[in-house]
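In: Coordinates for the following, if possible.
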Amino acid sequence: MANPYRGEVTLVLNGQPQLLKLTLGALAELEAELGEGDLISLVQRFESERFSSRDMLALLAAGLRGGGSEISRADLAQAEIEGGVMQATRVAAQLLALSFALPAEDA
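Out: Alright, predicted model coming up:
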């Protein structure tokens, strides 16, 4: 089960829940892959909605690696995502947000 206080989220791929987390190493790989020079630029890229499906795939793949999954980027690209592209987008946004902010307390 994902722990938002640790920056973890869950995405169901091919019927199996997968834990995603952006570790420092995963963030560094993501910066390099997307050609961003720093974390602020990386976050702004997603916040300003200037991201492509390739960017989202890279973010989810980095999160999977950080969460300890051995699912390759190629397998992720072909996976059945529960909830489709919209759910993948929500999970990617949540993953990025949790990596840089504490989750709000439950009401």
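
In: And the strands in the protein?
Out: 8-13, 16-21 (DSSP state E).

In: what comes up buried for the helix-or-strand element of the chain with minimal mean pLDDT?
Out: Within the chain, no helix or strand scores below helix 39-47, which has a mean of 79 by mean pLDDT, DSSP states H and E. Judged by neighbour count (16 or more other Cβ atoms under 10 Å), helix 39-47 contains these buried residues: 42, 45-46. Bear in mind the C-beta positions are built from the backbone N, C-alpha and C, glycine included.

In: CA atoms only for the longest helix along the chain, dumped as PDB, please.
Out: Ranked by residue count and defined by DSSP state H, the top helix of the chain is helix 84-100. Taking C-alpha atoms only, helix 84-100 is exported to PDB below (Å, rounded to 0.1, in the frame of the first residue of the first chain):
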ATOM      1  CA  GLY A  84      -6.600   4.700 -18.800                       C
ATOM      2  CA  VAL A  85      -4.600   7.700 -19.700                       C
ATOM      3  CA  MET A  86      -6.500  10.000 -17.400                       C
ATOM      4  CA  GLN A  87      -5.600   7.900 -14.400                       C
ATOM      5  CA  ALA A  88      -2.000   7.700 -15.500                       C
ATOM      6  CA  THR A  89      -2.000  11.500 -15.700                       C
ATOM      7  CA  ARG A  90      -3.500  11.900 -12.200                       C
ATOM      8  CA  VAL A  91      -1.000   9.500 -10.800                       C
ATOM      9  CA  ALA A  92       1.900  11.300 -12.500                       C
ATOM     10  CA  ALA A  93       0.700  14.600 -11.100                       C
ATOM     11  CA  GLN A  94       0.300  13.200  -7.600                       C
ATOM     12  CA  LEU A  95       3.700  11.600  -7.800                       C
ATOM     13  CA  LEU A  96       5.400  14.800  -8.600                       C
ATOM     14  CA  ALA A  97       3.400  16.800  -6.100                       C
ATOM     15  CA  LEU A  98       4.100  14.400  -3.200                       C
ATOM     16  CA  SER A  99       7.800  14.500  -4.000                       C
ATOM     17  CA  PHE A 100       8.000  18.200  -3.200                       C
END
